[in-house]
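Asker: for reference, the sequence and a predicted model appear below.
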Amino acid sequence: MKLSLREQYWNLSILGLVIILTVWRSNQLPVFGSYEIKTIILGIIPIALLAMGQSLIIIGGGINLAIGAEAILINCITAKYSEGSDFATSLRWALLGIVISVIVGAVTGWIISKSGIADIVVTLATSFVLIGFALFIQPGPGGGVNLDFAKYFIGGEDSYLAPLFVLFLPILLIWLPLQKSRLGISFYAIGSSKDAAFLSGVNVARTRVSLYAVGGLFAGLCGVSLTAITQAASPFAVISNTATLNSVAAAVLGGVALAGGVGGLFGPALASLVLYYIPTIMLGYGIDPAYSQIIQGALTILVVLVGGLLRARGKR
Amino acid sequence: PANANNYVIGVSNGWAGNSWRETMVCAIKAEATLSKKVSKVLVSSRNTDAAGQSADVRAFISQKVNAIIINPGDKDAINPALGEAIKAGIKVIAVDGPVSAPGAYIVSNDQKKYGAAGAEALAKAMNYKGNVLYMRGISGHPADTLRDEGFKSVMAKYKNMKVTKEVFTNWDWAKGGELAKQLLKPGKFQGVWTSGIDYPVVEAMKTNLRGKYIPLVGADNNEFLRQTKELASKGFVGIVVSNPAVIGGAGLKVALDVLDGKTVASESLLTPTAWTYKANKKEIDSSYFVGQEATFSSAVKIPGYTTFSPAQLFRCKAPQDSDDGARA
Amino acid sequence: MGNLLEIRAVAKNYGPVVALRNANFTVAPGEIHALMGANGAGKSTLVKILTGVISGDAGTIKLNGEEIHFTSPDNARKNGVAPVFQDPALIPDLSLRRNLRLTNTNIAKFEEKIAYLGLKINLEEQVSRIELPILRMIDLARALAHDPKLLILDEITAALPANLAEVVIRVMNEEKARGNSVVFISHRLSEIGEICDRVTVLRDGIDVDSFNTSEGDEDRIVSAMLGSKITSAESKNRSASISKEPLLTVRGIKDGDKLVNIDFEIYPGEILGIVALEGQGQDSLFDILAGEVSAKAGEIHFSNKKVDFSHPADAIKLGISYVPGDRKTALLPQRSIRENLALTKFRKLRSWNWINQKNEDSLVDKAVSNLEIDTRASSQVKQLSGGNQQKVTIGRWITTGFDLLLCFDPTRGIDVGTKNQIYKLLSGLSAEGKSVLLFTSELREVQLVCDRAIVLYNGKVQGVFDAAKADEELLLNAAYGRN
Amino acid sequence: MKLKINRSMIALWIILALTFLVTGLVDSYFFSIPSIGITLQLAAPLGLLAAGQTIVMLTGGIDLSLAMIATGAAYIVSVKSESGLLISLAYALIFCVVVGAVNGIAVGVFGVNPLIMTLSMSAILIGVFTVGVSTFLRGSSRMPDLLITASSGLILDPITWPLIIWIIVGGFVHFSLTRTGFGRVIYAIGDNAKAARLAGVKVWQVQIAVYVSCAILGGMAGIMLGGQSGAVAISLANSYLLPSVAAVVIGGTSIMGGMGSYSGSVMGALILSVLSYLLATLNSSEAFKQLVYGGIVLALAWVYSSISERK
Ligand SMILES: Nc1ncnc2c1ncn2[C@@H]1O[C@H](COP(=O)(O)OP(=O)(O)OP(=O)(O)O)[C@@H](O)[C@H]1O
Ligand SMILES: Nc1ncnc2c1ncn2[C@@H]1O[C@H](COP(=O)(O)OP(=O)(O)OP(=O)(O)O)[C@@H](O)[C@H]1O
Ligand SMILES: [Mg+2]
Ligand SMILES: [Mg+2]
């Protein structure tokens, strides 16, 4: 599929930024080898997967403030029932967790369609409900996972291939085919103009259910990867809220328009790298982390501002 | 291979925007500066989950720090990353809460005793009878679970004392105050135990009980110390349980000892004390800092571990920030 | 021979508003059938029910004698009923190719139809970058690509320049020649008589008349549409009263795009018509005069003073008011008629004043009764039909007061009755000494309401004409650059 | 129009009455005069936050920095109170105006999406205050006694000072929105900013005024929260951010802008406060409470929207 010009520019600028930051970071480190690369990829997997799910939903004209809670719930489910288990059990629970996440997403989409309440409101409420469920299942930190299973996510020793696959397989196996399919186009359609989409024969309600279900798929992947990376789970609302807000920031930095209908998943995946690098590079200099928060906030505003100005110029 | 006077220390704090944690970090910086053995303290402090803290730890490994001081959000979940660190020869010191990674050192307040010490003093103040409002921290949080164990073990001893209401404040000051206002009714409770969310509860006693104070267990928060002092004459019994934030400094001390090749116990637990104004007037008076924030953790030294003065702590300068620092 | 389409006793309520009361409508095979009716008569609602966009409250629909109930436009298209809706049905953020994918349209066939319509189109182009008239043609080509037995065109010509409107008429005739049927909705009476076989007129949700065009004429349509309240527009003839001092002088305006060099002037009390084919830069000329965008070069003088607008507020302060072509850009869709009418009163942040309810009531009541706005759905302007919405956008300025009114195609998609009201309104304003700059896509309006007209072509003023001499032929020739 | 608003308000009244009754059944002390006084007192800061959020949401925006603005204002007042109450309040006011103006300029002039702008602003403020607590904002964060009284002082059961303040400020907000030109343009730019511009409204000026007003209301709420706690921590108002949005939304204000009212948000704030009381008194696990809170907010929004949509 051909990307729109705007999207190409955006992705290229973000890619440029990522390259600059990567060089910067690599200069900061005594060695920049496969362990360091693995470190970076593992550092962004959860937020990147979540950002992809969020981006998809925003593209479809929605927003999911419960996406972090969804991931935490799946994290809790899989970690609880995979603790001390063999490979097959861990795999089974991982798959089941993803299925549950898809169902949770679909139900969320269904509620939004059925009730006619704004996405923000519904997902604000479901975020409490999902954390409630997570607390039921795993009242405190704990759980575990089969180590061989976890290896498929975190890789062995210094190899970064496994995490790289975890990061890119969803894009290759889910996003690329989806984007070419009629369903994927329908996501853009309902995000761009619900009325026009309906007149074009898109079943808006059903598409929204699928939209949130696919978003749930990414949240589920995020939850499973959390289980694999940490080999445990923690059911805390603070964590899920932070993750959700980061996913929105990454989506926007990645060129997804909050108005819907515009953007892709490559940009947000790259943007989560930017969000990882800023504090990490500042950390490398021993700068007070409070400043990195200020810089990250200011940079986000700046990127969105410049992007907005460029877009306004492009329209003329 | 690091130069003995040039250690680089990484600090990972997974919960930010809270003065206890800020003081903990400042204590690490102050102690590191004083030791003259540290060239840099790299701090990552943000609200994050175990995956985020693992990422921090791995970034420290890439950075080849000599030791990592971590305040873990989770006992087990950071183990994969900490394991990699220990394997790479980096010393790992967990402060405030434990980690289960083999080879890591733990410097922590004894949270079980924290729960018990406050409960014991509360029982005494309540004359071993009456109803207790039990205001915990975050449901499922390891420290909360340990404190609960200690608290309940004491309560079990006294047949005439009953926990009639148990709530979670999420260690949120506004929420704690709100809960206290919603729950404190005249005559309903004879004492309150809080997991450190203390001073708003005293405010709630003023409004709800119209000044008829009941004993309250809190932590060594600056504002609570003040209330304990000033309201003592009005019949208020405040029980101050120490939970020093400067434990970060103790963590740094342990880190340096380990780096210097000294033998250090794998677990150092500090025993909390419970003060009341009647019994510990001197300690409370000397611990209260007039010009400090309400939530400031007032215990500014841990004998045997920390060496900085309050002023040095308040400066909060890492070696790389100081004009006299070892090296930029 | 049976009917292709048979609609019986269809009804639809939107809450308290009855959109369709009892509508009957039949279309024979190979017939071009005009569906007429005043604004709000229920034409679009009927189309939407027929094509499965919404479901009716009552009634039956038969296609080829079989009762059907389409659940979506897609469903309708698959069954040989292809609609072109009044509102564009293309997704703005998607490329054309992906839009076609969405409607399961055969690309090759679509391209063939595009060629057949005489257009050239890049399938990768994003829809939001395509101009409205071309979008309407694309909508048409897409409908044709589904090989419909029944083609439904809801006010497709409203946004089309004359040349493209002709193409649409050619298409309808060729569909008919192939034995297919067309339902054609338009407010342009002149189009109806020439090309339609049969006319059905809706009034207040009821089909009040239906006849073969050979049996009746435009007057019959108009009287059926309007019931008793028939009015016809009279040509005006009063260009004598124009003074020598122009109110507005425009010199050498450029917009960096279509407009190359525009010069003209308007006198107090004058209605100046502007005529141009689609895309001659007329919209950006209006935007410049209204202070919405600034010109790249040139000068504007108003009341003998050079002016420079950086915001519409600057123009409004001087007495220049703007009624944009797209009502959606001028209205607050979710707010009441009252708030829409009174909006300009509160444009200044400084005027943080208490609203005088009584004053406002009388102001609003006056505007509503002057303009005969249908207030059945007064709580939200978006529930009004197009004509009533247009009245609100003009009414706002009448309550505010102005010296020069910029009107961009105010009668587009509006029924004859309302049109005549608007003509009368404009004439009345000019009699009070106000000036009007009127862009119109309906050439006959120049002689109906204007004193003079200028024709834009190639970014310049091609000619200035006295309305009395500016018949449609002359204007059209000038608009095509022939004179 | 009258009919529709009344229907929605009736729906909200019914919902409030139901939650009120259920809470009273669970905990009979809730019906006592002092308890009602406390509930209203606790609702006041939420009601003020919701007022700011309502104004912004009516323009189609959202202010996610509101909690940090509230906390910041309270922190500044408490730390600077040694230099005098009025001076410390003036500092807080300046802080609110500056932050609100930056939000408003970014949104109104540079077209930055409000969600992103205020989210980032919140991150920036957290950073600034974290640095500030140990440097330029060092000091005792105890609230001055006068403000503690203003935030929780009793006048005559169940009437408290915060309730009076809320009624006065809330009434001012309500009438500004419904009866003044400023209110009209707020609705106008939320409904269709382009149309408002064409009608001569300087949209950016309104946006700035709106975000500044929101920040000032947030600051008041923060000071009230600080007063109710007795002292200020830099996480003071965090847990009020989502409820401030929920109250507005339950009250029927469209998140897209242009539709809604402050009276609805007041009802939303009251409903959430009663709900919070109910959850505090329930003897159940945290998990269950989270479930119930989310479920009830969703159910309320759903019931409300279906009642007020049906005509
Ligand atoms: N969503 C709605 N809610 C309430 N009333 C509506 C709604 N949509 C349309 N109406 C009302 O239904 C009636 C018919 O509207 P419709 O759009 O079908 O008219 P129309 O014949 O297409 O007129 P026009 O030529 O102006 O487009 C109008 O009176 C209008 O006010
Ligand atoms: N099942 C349906 N039957 C009939 N019409 C429908 C159906 N679903 C949607 N529509 C129509 O499609 C349009 C958009 O539908 P949808 O219900 O998705 O909008 P909405 O969610 O109410 O819009 P918004 O999000 O703007 O409030 C509406 O005009 C509605 O009339
Ligand atoms: Mg119509
Ligand atoms: Mg219509």
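Answerer: Everything's here; your move. Ligands and ions are numbered 1, 2, ... in the order given.

Asker: list the contacts for the closest residue to C:N388 other than its chain neighbours?
Answerer: In this structure, C:N388 finds its nearest non-sequential neighbour in C:D374, 4.9 Å apart by C-beta to C-beta, 6 or more residues apart in numbering or on different chains. For every residue, glycine as well, the C-beta is placed using N, CA and C. In this structure, C:D374 makes contact with C:40, C:384-385, C:388, judged by C-beta atoms under 8 Å, 6 or more residues apart in numbering or on different chains.

Asker: give me the neighbour count for the residue of the stretch 101-250 of chain D found nearest ligand 1.
Answerer: For the stretch 101-250 of chain D, the residue closest to ligand 1 is D:D191, as judged by C-beta to the nearest ligand atom, at 15.9 Å. D:D191 has 28 neighbours, counted by other C-beta atoms under 10 Å in any protein chain shown.

Asker: which of the contacts of C:D374 fall within helices?
Answerer: C:N388 (DSSP state H).

Asker: and the contacts of C:D374, which two are the farthest apart?
Answerer: Pairwise distances across the contacts of C:D374 peak at 7.6 Å for C:G40 and C:L384 (criterion: C-beta to C-beta).

Asker: just to revisit the earlier point, any idea how far the residue nearest to C:N388 lies from B:P272?
Answerer: As judged by C-beta to C-beta, to the nearest Å, C:D374 and B:P272 stand 77 Å apart.

Asker: pull the contacting residues for B:V240.
Answerer: By C-beta under 8 Å, 6+ apart, the neighbours of B:V240 are B:218-220, B:224-225, B:228, B:274-276, B:280, B:284.

Asker: for those residues, give me TSV that also has pLDDT and distance to D:F95.
Answerer: Shown next, in TSV, are those (pLDDT from 0 to 100; distance: C-beta to C-beta, whole Å):
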residue	pLDDT	distance to D:F95
B:G218	96	30
B:A219	95	29
B:D220	93	30
B:F224	96	27
B:L225	96	28
B:T228	96	32
B:A274	95	39
B:W275	95	37
B:T276	95	39
B:N280	93	39
B:I284	93	34
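
Asker: out of the residues you listed, grab the one that's most surrounded.
Answerer: Neighbour counts for the contacts of B:V240 (other C-beta under 10 Å) peak at B:F224, which has 31 neighbours.

Asker: ok so, going back, from the contacts of C:D374, pick the one nearest chain B.
Answerer: C:L384 (47.4 Å; C-beta to the nearest C-beta).

Asker: surely the closest one touches C:V392?
Answerer: Yes: counting by C-beta atoms under 8 Å, C:L384 does reach C:V392; the two are 7.0 Å apart.

Asker: more neighbours, these two?
Answerer: C:L384 (26 against 21).

Asker: what sits against the more buried one?
Answerer: By C-beta under 8 Å, 6+ apart, the neighbours of C:L384 are C:40, C:337, C:373-374, C:377, C:392.

Asker: among the residues you listed, which pair sits farthest apart?
Answerer: C:G40 and C:I337 (14.2 Å).

Asker: thinking again about what came up before, tell me, what's touching C:L384 and C:V392 both at once?
Answerer: C:337, C:373.

Asker: can you read off the pLDDT for residue 3?
Answerer: Using chain A here. As summarised for this prediction, A:L3 has a pLDDT of 56.

Asker: nope, chain D
Answerer: Reported pLDDT for D:L3: 45.

Asker: isn't C:K254 right next to C:I288, touching?
Answerer: No: in this structure, C:K254 is not within contact of C:I288 by C-beta under 8 Å, at 9.5 Å.

Asker: tell me which of these two has more neighbours.
Answerer: Shown here are C:K254 and C:I288; by other C-beta under 10 Å, C:I288 has more neighbours (24 against 18).

Asker: how about that one: what's its closest non-neighbour residue?
Answerer: Here the nearest residue to C:I288 in space, its sequence neighbours aside, is C:A295; by C-beta to C-beta, 6+ apart that works out to 4.8 Å.

Asker: separation between that neighbour and chain A?
Answerer: Here the criterion is C-beta to the nearest C-beta, to the nearest Å. By it, C:A295 lies 14 Å from chain A.

Asker: for the stretch 201-328 of chain B, just list every one of the helices.
Answerer: B:222-230, B:247-259, B:281-287, B:310-315 (DSSP state H, counting those that start in this stretch).

Asker: rebuild the ones you listed as JSON lines, extending it with distance to chain C.
Answerer: Compiled in JSON lines, these are given as follows (distance: least, C-beta to the nearest C-beta, whole Å):
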{"stretch": "helix B:222-230", "distance to chain C": "41"}
{"stretch": "helix B:247-259", "distance to chain C": "51"}
{"stretch": "helix B:281-287", "distance to chain C": "53"}
{"stretch": "helix B:310-315", "distance to chain C": "46"}
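
Asker: tell me which of those helices lies nearest to ligand 3.
Answerer: helix B:222-230 (68.1 Å; C-beta to the ion).

Asker: how far out from the middle of the chain is that closest one?
Answerer: How far helix B:222-230 lies from its chain's middle: 18 Å, per C-alpha atoms, centre = their mean, to the nearest Å.

Asker: just the CA atoms of it, as CSV, please.
Answerer: Only the C-alpha atoms of helix B:222-230 are listed here, as CSV (Å, rounded to 0.1, in the frame of the first residue of the first chain):
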residue,chain,number,x,y,z
ASN,B,222,6.9,16.4,59.3
GLU,B,223,3.4,17.7,59.6
PHE,B,224,2.3,14.8,61.7
LEU,B,225,5.1,15.5,64.1
ARG,B,226,3.9,19.0,64.4
GLN,B,227,0.4,17.9,65.1
THR,B,228,1.6,15.4,67.6
LYS,B,229,3.5,18.1,69.4
GLU,B,230,0.9,20.9,69.3
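
Asker: residues touching B:S35, list them.
Answerer: B:252, B:256.

Asker: where does the chain dip in pLDDT?
Answerer: Picking chain A for this. Scanning chain A for pLDDT under 70 picks out A:1-6, A:311-316.

Asker: meant chain C, my bad for not saying
Answerer: For chain C (pLDDT under 70), the answer is C:1, C:16, C:227-243, C:348-352, C:377, C:483.

Asker: the residue of chain D found nearest ligand 2: what's its closest spatial neighbour, skipping adjacent residues?
Answerer: Residue of chain D nearest ligand 2, by C-beta to the nearest ligand atom: D:M256 (7.9 Å). Among residues not flanking D:M256 along the chain, D:G60 sits closest, at 5.8 Å (C-beta to C-beta, 6+ apart).
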